[in-house]
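[1] Just a sequence and a predicted model for now, questions to come.
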Amino acid sequence: MCEQTFTKQNSPQIRVYVANLGKYNEGEIRGDWLNLPTTQYEIKEFLKTKVGLNAQHEEYAVHDYESDFSLGEYENLYDLNLLAVMLEQMSETEKNIASAYCNANGLKDTQSILNTCMQVGDLFYVTIDANTWGSREEKLGYAVVDEIDSDLKRTLEQCKVGENLSAYEYFNFEKYGQDIAINQGYFATDEIFLFYNSDIDPKLYTNQEIKDRLNDARLNET
């Protein structure tokens, strides 16, 4: 059998500090950081050589992490690796939207996060520039009129107020945004507003089904 080595990791999607739980409970700190995605083989070697898992100490825990998503302490590393492979295939916008949805709805388990990433195209949202002037509601009103409600925008622009101005310049975008925020959705972040009619099932696919769909060699046993 040929010798396998650790692959060079570029741009990790998730970093986790993995601790030997048995030794931690005994008062000894044993663990290290792991960059994901990686291979199944490298995870096994990492747990053996860096975390010190053996027949006496078989359990580990995630004691720290660097990720756009909130992660649980006892997540399976192989499932987190599956998530990292998924994130690698997504655009930055898609990752930001999926992260905002999960964090706003308290989704921390890997299956729910994976399912959100799988269905991110079904989320209905608008993005808001947090650096521009105005309240969140006012910026939401502008974003909805400019990006979604083309009929309203056309009507406002065609309705003239005086000789040179249209109703668009006089429209109360803040009040319009307040009504939308109360009745149609919620601010997931200062830059992302999600509508209630977004259709996401956090348990639609099993992790194995998602693994089969991704079809990435790093997720296979070696």
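    Perfect, thanks for sending it. Small disclaimer: the values here were computed from a predicted structure and weren't measured.

[2] switch to C-alpha atoms for all contacts and neighbour counts from now on
    OK.

[3] could I get stretch 125-133 in CSV with only the CA atoms?
    Presented in CSV, the C-alpha positions along stretch 125-133 are these (Å, rounded to 0.1, in the frame of the first residue of the first chain):
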residue,chain,number,x,y,z
TYR,A,125,-34.5,37.9,0.0
VAL,A,126,-33.2,41.4,-0.7
THR,A,127,-29.8,42.7,0.1
ILE,A,128,-29.3,46.1,1.7
ASP,A,129,-26.2,48.3,1.6
ALA,A,130,-25.4,48.8,5.3
ASN,A,131,-23.0,51.6,4.5
THR,A,132,-25.5,54.0,2.9
TRP,A,133,-27.5,56.6,4.7
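
[4] per-residue confidence averaged over that stretch?
    Mean pLDDT, stretch 125-133: 87.

[5] Also stretch 108-120?
    So the average pLDDT for stretch 108-120 ends up being 96.

[6] How about residues contacting that stretch?
    Here stretch 108-120 makes contact (C-alpha atoms under 8 Å, 6 or more residues apart in numbering) with 69-72, 75, 79-80, 83, 86-87, 94-95, 97-98, 101-102, 107, 200-207, 210.

[7] and if we set it to 6 Å?
    70, 71, 98, 202 (C-alpha atoms under 6 Å, 6 or more residues apart in numbering).

[8] Adding neighbour count and pLDDT, write the residues you listed out as a markdown table.
    Converted to a markdown table, the contacts of stretch 108-120 look like this (neighbours: other C-alpha atoms under 10 Å; pLDDT from 0 to 100):
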| residue | neighbour count | pLDDT |
| --- | --- | --- |
| 70 | 17 | 93 |
| 71 | 20 | 93 |
| 98 | 25 | 97 |
| 202 | 20 | 94 |
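
[9] Secondary structure element for the residue nearest to the spatial centre of the chain, which one?
    Most central in the chain under C-alpha atoms, centre = their mean is residue 99, positioned 2.4 Å from the mean C-alpha point. Using DSSP states H and E, residue 99 sits within helix 92-104.

[10] Good, wrapping up.
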